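S.K.: structure, please.
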Amino acid sequence: MDVMPLLMLVAASAAVAGAARRTPVPAPLLLVAVGLLASYVPGVPEYALDPGIVLPLLLPPLLHTAALDSSYLDLRANIRPVALLSVGYVLFATLAVGWVAYLVVPGMPLTAALVLGAVVAPPDAVAATAIARRLGLPSRITTILQGESLVNDATAITAYKVALAAAVGEGATWGEGLREFAVASVGGVAVGLLLMVPLHWLRTHLREPLLQNTLSLLIPFAAYAAAEEVEASGVLAVVVVGLYLGHRSWQVDFATRLQEAAVWRMVAFVLESAVFALIGLQLPVVMRGLGTGLGQAALWYASAVFAAVVAARFVWVFPATFLPRALSARIREREPDTTWKAPLVVGWAGMRGVVSLAIAFSIPETTHGGQPFPARNLVLFLTFTTVIGTLVVQGLTLPPLIRRLRLPAPDPSAVTLAEAQAQSEASQAAERRLDELLADPRNTLPEPLADRLRSVLERRRNAVWERLGAVNELSGESADDIYRRLAREVIGAEREVFVRLRDARRIDDEMLRSLLRRLDLEEAAAYREEMEP
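M.R.: Residues are numbered from 1 along each chain as shown. Sure thing, here's the model as predicted:
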């Protein structure tokens with residue numbers, strides 16, 4: 001097996017994603033554009049998406065890290081709009097886009113058109129979170145988009161299986177389709193519920209952070225495989241487990257949390273970068289399968305399907321936003337500030353991604369009767385153009401749209417004030433506990449060490465309040481900023497001395513690593529805000 005193409009893909013996509021952070025262009029869009037250009041550069045290997053790799057090997061970790069970063073409480077508070085988008089909209093888009101394709105493309109059977117509708121129905125989890133992360137959206141809109149992207153793949157995959165069964169001649173009926181959807185969704189949730197508690201128990205009872213993080217890396221694959229083994233939704237199983245583990249992450253020791261956060265940030269960065277690069281690199285594969293017979297007709301079909309995808313989302317989102325409010329006084333009381341701006345952003349944030357392409361590539365080449373699958377290559381082409389179209393058109397215009405709408409962003413002062421109040425209450429509780437402990441003769445400490453414990457608590461309590469205070473007129477920094485900068489400078493001075501002592505053979509490398517790790521932890525504590533992703 002030649003691993004060089006894989007290494008080239010990972011290295012190049014990571015480099016492009018890193019470069020994108022220095023530009024106003026979102027990384028997913030730059031990666032797709034570079035992939036499109038690279039696909040025709042001589043010497044670049046051909047990368048064909050394998051659904052046997054994307055769905056069981058790439059999708060679970062991406063969904064898992066998104067679920068870990070999501071808020072179970074926020075999702076529960078917004079379960080209605082999330083369900084309407086992740087289930088209702090996906091089924092509606094399957095029918096609407098499929099019907100448009102059936103009308104526009106001559107000779108395309110309705111069953112094949114519905115397969116196309118199911119393939120392009122779900123907005124992509126990676127695209128939604130990767131682009132929304134940089135936009136500073138209001139928290140409720142971000143929660144709705146993240147919640148939709150976590151669940152809609154399960155709906156789309158199930159709808160695809162039902163449409164595909166009818167297209168290849170298995171004679172699926174509406175009743176069978178509903179039964180399969182119920183089994184997949186209920187079964188996926190059930191598998192997640194069965195796995196989440198034992199997995200969390202195992203995580204909290206493993207004492208080695210390395211073992212705990214090894215388990216963390218295996219969890220999404222295990223949950224997905226277990227659900228798929230019983231013909232349930234692996235996507236839902238992964239999401240349920242991830243939400244539960246994220247909600248209970250405070251019960252895991254600090255070393256595991258530090259390592260796990262770093263590991264999953266790296267995994268998400270590498271996979272997201274490679275996934276978007278792969279989308280652009282599919283152009284030669286798709287065009288070769290399409291052939292030369294269709295010409296301008298294929299572009300017309302692509303434009304019609306793209307327009308149907310965009311229009312169907314707005315047709316669903318606006319009624320789904322305002323009809324429940326019109327019918328329920330309770331919803332009006334709970335959501336008093338809903339305006340047309342929020343559904344406009346949600347409607348335009350419907351980028352498609354690698355999941356749609358992976359599902360499309362899994363369409364069999366022949367039916368059960370041995371006949372070629374009707375319009376398979378055209379379905380692949382229309383999926384590809386829809387994915388590229390939504391990423392480029394909607395992805396590029398979404399940031400200026402949000403800026404033009406001037407959606408209310410969270411008030412930084414209010415956020416800092418809430419953090420300061422929470423820290424103050426926690427510090428007071430910690431000080432009371434410290435006094436109780438020091439009153440016990442078994443916990444007698446020299447006064448300097450006891451004062452050090454108290455000063456740490458006082459520093460932690462005051463640090464957030466200081467961010468609300470005035471800044472230094474000369475440097476423009478708050479007292480907290482100056483403290484953290486000076487802490488880094490003095491730690492850097494210590495680090496240089498330790499290295500100099502090692503080079504002079506006064507301490508060995510093992511002692512140097514121990515001393516540097518202690519300084520690294522102190523620096524991370526002092527600069528914790530800067531360490532946030």
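S.K.: and residue 357, what element?
M.R.: helix 354-361 (DSSP states H and E).
S.K.: again with residue 309
M.R.: Assigned by DSSP H and E, residue 309 falls in helix 296-327.
S.K.: cool, residue 414 as well?
M.R.: helix 412-439.
S.K.: low-confidence ranges in the stretch 201-350 of the chain?
M.R.: 291-295, 336 (pLDDT under 70).
S.K.: residue 374: which element?
M.R.: Residue-wise, residue 374 maps onto no helix or strand under DSSP H and E.
S.K.: correct me, but it touches residue 112?
M.R.: Yes. Counting by CB atoms under 8 Å, residue 112 is a contact partner of residue 374 at 4.5 Å. Yep, even glycine has a C-beta here, placed from its N, CA and C like the rest.
S.K.: between those two, which contacts overlap?
M.R.: Between them, residue 374 and residue 112 share these contacting residues under CB atoms under 8 Å, 6 or more residues apart in numbering: residue 167.
S.K.: neighbour-wise, which of these two wins?
M.R.: residue 112 (26 against 17; other CB atoms under 10 Å).
S.K.: geometric centre of this structure: which residue is closest?
M.R.: The centroid of the chain falls nearest to residue 66 when counting by CA atoms, centre = their mean (3.7 Å).
S.K.: angle of the helix or strand where that one lies against helix 354-361?
M.R.: In the assignment (DSSP H and E), residue 66 maps to helix 59-69. Here helix 59-69 points in a direction 160 degrees away from that of helix 354-361 (axes from the mean of the first three to the mean of the last three CA atoms, to 10 degrees).
S.K.: starting at the chain centroid, how far to the helix or strand just after helix 59-69?
M.R.: Sequence order places helix 72-77 as the next helix or strand after helix 59-69, per DSSP H and E. Helix 72-77 has its C-alpha centroid displaced from the chain centroid by 16 Å (CA atoms, centre = their mean, to the nearest Å).
S.K.: show me what helix 72-77 is packed up against.
M.R.: helix 139-167, helix 234-247 (3 or more CB pairs under 8 Å, 6 or more residues apart in numbering; DSSP states H and E).
S.K.: for the ones you listed, which one sits closest to residue 279?
M.R.: Of all the helices and strands packed on helix 72-77, it is helix 139-167 that lies closest to residue 279, at 15.7 Å by CB to CB.
S.K.: could I get the buried residue list for the closest one?
M.R.: In terms of neighbour count (16 or more other CB atoms under 10 Å), helix 139-167 has its buried residues at 140-167.
S.K.: ditto for stretch 79-88
M.R.: 81-82, 84-87.
S.K.: for that stretch, give the mean pLDDT please.
M.R.: The pLDDT scores in stretch 79-88 average 93.
S.K.: export that stretch as CSV, just CAs?
M.R.: What follows is stretch 79-88, C-alpha atoms only, in CSV (Å, rounded to 0.1, in the frame of the first residue of the first chain):
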residue,chain,number,x,y,z
ILE,A,79,-35.0,20.7,20.5
ARG,A,80,-38.0,21.9,18.5
PRO,A,81,-36.1,23.9,15.8
VAL,A,82,-33.3,21.4,15.8
ALA,A,83,-35.7,18.5,15.1
LEU,A,84,-37.6,20.5,12.5
LEU,A,85,-34.4,21.1,10.6
SER,A,86,-32.6,17.8,11.1
VAL,A,87,-35.6,15.6,10.4
GLY,A,88,-38.4,17.6,8.9
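S.K.: how far out from the middle of the chain is that stretch?
M.R.: 18 Å.
S.K.: go on, stretch 385-403?
M.R.: Centre to centre, stretch against its chain (CA atoms, centre = their mean), the figure for stretch 385-403 is 18 Å.
S.K.: same question, stretch 244-259
M.R.: On CA atoms, centre = their mean, the centre of stretch 244-259 falls 18 Å from that of its chain.
S.K.: now it: buried residues?
M.R.: Those would be 244-247, 252, 256-257, for stretch 244-259 by 16+ other CB under 10 Å.
S.K.: and for stretch 509-521?
M.R.: 512, 515.
S.K.: pull the CA atoms of that stretch into CSV?
M.R.: Backbone C-alpha positions of stretch 509-521 (Å, rounded to 0.1, in the frame of the first residue of the first chain) are rendered in CSV as follows:
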residue,chain,number,x,y,z
ASP,A,509,17.6,15.6,30.1
GLU,A,510,15.1,13.7,32.3
MET,A,511,15.3,16.4,35.0
LEU,A,512,15.1,19.1,32.3
ARG,A,513,11.9,17.6,31.0
SER,A,514,10.4,17.4,34.5
LEU,A,515,11.3,21.0,35.2
LEU,A,516,10.0,22.3,31.8
ARG,A,517,6.7,20.4,32.3
ARG,A,518,6.2,22.2,35.6
LEU,A,519,6.9,25.6,33.9
ASP,A,520,4.6,24.6,31.0
LEU,A,521,1.7,23.9,33.3
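S.K.: tell me which residues are up against that stretch.
M.R.: 491, 494-495, 498-499, 501-502, 507.
S.K.: ok, stretch 61-69 next?
M.R.: For stretch 61-69, using CB under 8 Å, 6+ apart, the contacting residues are 125-126, 129, 146, 149-150, 153, 217, 219-221, 223, 235, 238-239, 241-243, 245-246, 249, 264, 267-268, 271-272, 275.
S.K.: tell me the mean pLDDT for it?
M.R.: Mean predicted lDDT for stretch 61-69 stands at 89.
S.K.: likewise stretch 500-515?
M.R.: 86.
S.K.: off-centre distance for that stretch?
M.R.: The answer for stretch 500-515 is 41 Å, by CA atoms, centre = their mean.
S.K.: that one: end-to-end distance?
M.R.: Start and end residues of stretch 500-515 are separated by 13 Å (CA to CA, to the nearest Å).
S.K.: now stretch 44-61
M.R.: Across stretch 44-61, first to last residue, CA to CA, it's 27 Å.
S.K.: go through the buried residues of stretch 79-88 and name the one nearest residue 459.
M.R.: Nearest to residue 459 among the buried residues of stretch 79-88, with distances taken as CB to CB, is residue 82, at 40.3 Å.
S.K.: how about the closest one, what does it touch?
M.R.: Counted by CB under 8 Å, 6+ apart, residue 82 has contacts 75, 143-144, 147-148, 151.
S.K.: how about the residues you listed in JSON lines, adding pLDDT and distance to residue 51?
M.R.: Shown next, in JSON lines, are the contacts of residue 82 (pLDDT from 0 to 100; distance: CB to CB, whole Å):
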{"residue": "75", "pLDDT": "89", "distance to residue 51": "28"}
{"residue": "143", "pLDDT": "86", "distance to residue 51": "30"}
{"residue": "144", "pLDDT": "90", "distance to residue 51": "28"}
{"residue": "147", "pLDDT": "90", "distance to residue 51": "25"}
{"residue": "148", "pLDDT": "91", "distance to residue 51": "22"}
{"residue": "151", "pLDDT": "88", "distance to residue 51": "20"}
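S.K.: remind me which helix or strand residue 263 belongs to.
M.R.: Using DSSP H and E, residue 263 falls in helix 254-281.
S.K.: buried stuff in that helix?
M.R.: So for helix 254-281, counting by 16+ other CB under 10 Å, buried means 256-257, 260-261, 264, 267-281.
S.K.: now residue 124. Nearest residue, chain neighbours left out?
M.R.: Leaving aside its sequence neighbours, residue 124 sits nearest to residue 353 (CB to CB, 6 or more residues apart in numbering; 2.6 Å).
S.K.: and the pLDDT for that neighbour?
M.R.: 85.
S.K.: and residue 252, how far from residue 212?
M.R.: With distances taken as CB to CB, to the nearest Å, residue 252 is found 7 Å from residue 212.
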